[in-house]
Structures are given as structure tokens and as C-alpha cells.
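1. Task: produce atomic coordinates for the following.
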Amino acid sequence: MNAPDPRALRDAAVELALAAGAVLREGYGRAHTPERKGRIDLVTEYDHRSERLVLDGIRRRFPGHAVLAEESGAHAGGPADAPDAVRWVVDPLDGTTNFTHNYPFFCVSIAAEAGGALAAGAVYDPVHEELFAAAAGHGATLNGRPIRVSDVARVEDALLVTGFPYDVRERPERALPLFGAFLLRAQGIRRDGSAALNLCYVACGRFDGFWEISLSPWDMAAGTLLVREAGGRVTGYDGGAFRLDGRQILATNGRIHEEMKTVIAGAREPAGS
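-> Numbers count the residues shown, from 1 in each chain. Predicted structure coming up:
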């Protein structure tokens, strides 16, 4: 069989992200009693409701496709090595801590891999009604309009963004030295609690670079494709090939990538998780 059209996968991701975003919008502004997956890792009923909606939609439209979802894990599809094999990577609510505090920075993130490569993605911010979408080889958009990464060429002129791992209290040495190194070099740093949206903001030029460790595939999949399709660069911390299961990411406009890589190496932060 032929490989699926990335544009068709993108359109399906967009439809599902908009529907799941409506669920999150319904819950925004309410009082929440989240469960704890860890000391600072939360989950709410809206994570579960959003995920069920997305997974049901994928099963109806693509019954042979595999799924990797944050709350329910892996769901098998057809043979993984088939040329037309598709796996959906779903984060039903990226930024759950923000959501539980009614801080307006969270999203739905849905990506599709075809033949093991990122093919399509959609990230929807239901509070600001911003829909980011991309299909491999067909560019990236924000609410239907093409987007591009920034032209900033030096870290000292850059606005960067990062996040801290859930075990930052137990192992602060894995995140804080690098944060401090960039704090002394960049024009500014933000830390706002949604890796998927951080990547989208790199893609549309609001941020110039993003780094983070201990991320999961669903945090990075859709946003990684958006950055690439918007003209940016995505690698591991050492500049090597990016892997969804690599637990770390360096995503930039491309112009400051080597400089950020050098800063990371100088800070001697341990690689991986």
C-alpha cells in the first residue's frame, strides 16, 4: 500500500485537536481537584475526557493505526514495519498544572508518524484560539496562515524558553546549571509550562530557541514537525539526530543552534533522562 498523504493526516489531527480543545475550554476557569502522578505531575478529568475523544476519533477513522497517548499508553495497530504504518502520538492536555490553576497556557497536541517519520501535527490552544498545524513537506501554519521561525542570529539577542523536569526537586543539578548559563547569555528566558506550545512559539518566531530534558514523545512530536516545517532546526542536546524517545530536545530558528549547543556543552549537563 502507498504511504498516507501527510495533508490528510494533518487535516484529521486538526479536526481532533479542535474537538478536544472544546472539551478543555469547557473546563477552563473551574475549580479542579487533580490526581497526582508524581509530586508535581498532575492529571485531571479533562486530560482523560480529551484523550478519550481523540482516541475514539482515531479508531473510527483509522482503525488500523497505532496510538501512543499520555494517559493510556500504547495502543497497537497494524504491522509497525509496513510502509503505510501510522502511529498517532497524543497529548490530550499539555500544561495540566497551568490548567488546574486556570493559567491560560495549555493545549492539545496531536501528531502522526508514517513509516516511523513525523508526517503531520496539530497543536491547539483553546483559550487564545490558536491552531498550529503542519504536514511534512507542506509547511506550517497558524490559523491557516504560513509561519516562519525568527531571524535572530545571536543568543544575546534571543528570547529563549525552557521547562524543568518533574524530578527537579530531587535532582536540581540536571536543570539549574544550564538555566543559569543561558540566563547570563540570552536577552531573556521564559518558563511557562507547555513544551508543545513552546515549540509552536519557536515555529512562529515568538521564541528563538527552546531546550528541555526528560520530555516524553507526546510532549515533542507535533511541535517538532512544526519547527522543522517553519524552517527551524531540531536536534538532541549534542546536535545529533533528534529522537522522539531521546528524552531531550534543542529546537531553534537554526541561526542560534550552534551557539546554544556550545552553551549546553559548556554547562556539562548530563544527557538523557
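
2. And the pLDDT for the residue most central in space within the chain?
-> Among the residues of the chain, the one closest to the centroid is residue 196, at 2.8 Å (CA atoms, centre = their mean). Residue 196 carries a pLDDT score of 98 in this model.

3. go on, the one 4 residues further on?
-> Residue 200 carries a pLDDT score of 98 in this model.

4. what does the one 5 residues further on give?
-> According to the per-residue confidence, residue 205 scores 98 in pLDDT.

5. just to revisit the earlier point, surely the residue nearest to the centre of the chain and residue 106 touch.
-> No - judged on CB atoms under 8 Å, residue 196 makes no contact with residue 106 at a distance of 9.0 Å. (Glycine included, C-beta is placed from N, CA and C.)

6. which regions of the stretch 51-200 of the chain lie under the pLDDT threshold?
-> 78-83, 166-167 (pLDDT under 70).

7. Helices of that one, residue ranges please.
-> 96-100, 176-183, 195-203 (DSSP state H, counting those that start in this stretch).

8. Leaving out the residues flanking it, which one is nearest to residue 35?
-> residue 43 (5.0 Å; CB to CB, 6 or more residues apart in numbering).

9. State the distance from the one you found to residue 70.
-> Residue 43 is 9 Å from residue 70, where distance means CB to CB, to the nearest Å.

10. Between those two, which has more neighbouring residues?
-> residue 70 (22 against 19; other CB atoms under 10 Å).

11. which residues does the more buried one contact?
-> By CB atoms under 8 Å, 6 or more residues apart in numbering, the residues touching residue 70 are 47, 51, 90-92, 216, 218.

12. Make CSV out of the residues you listed and add distance to residue 163.
-> Listed next are the contacts of residue 70 as CSV, based on distance: CB to CB, whole Å:
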residue, distance to residue 163
47, 18
51, 21
90, 19
91, 13
92, 18
216, 12
218, 14
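
13. For the closest residue in space to residue 190 that isn't next to it in sequence, list the residues it contacts.
-> Nearest non-adjacent residue to residue 190, counting by CB to CB, 6+ apart: residue 161, 4.6 Å away. Remark: with contacts taken as CB under 8 Å, 6+ apart, residue 161 is in contact with 189-192, 198, 201-202, 207, 209-210.
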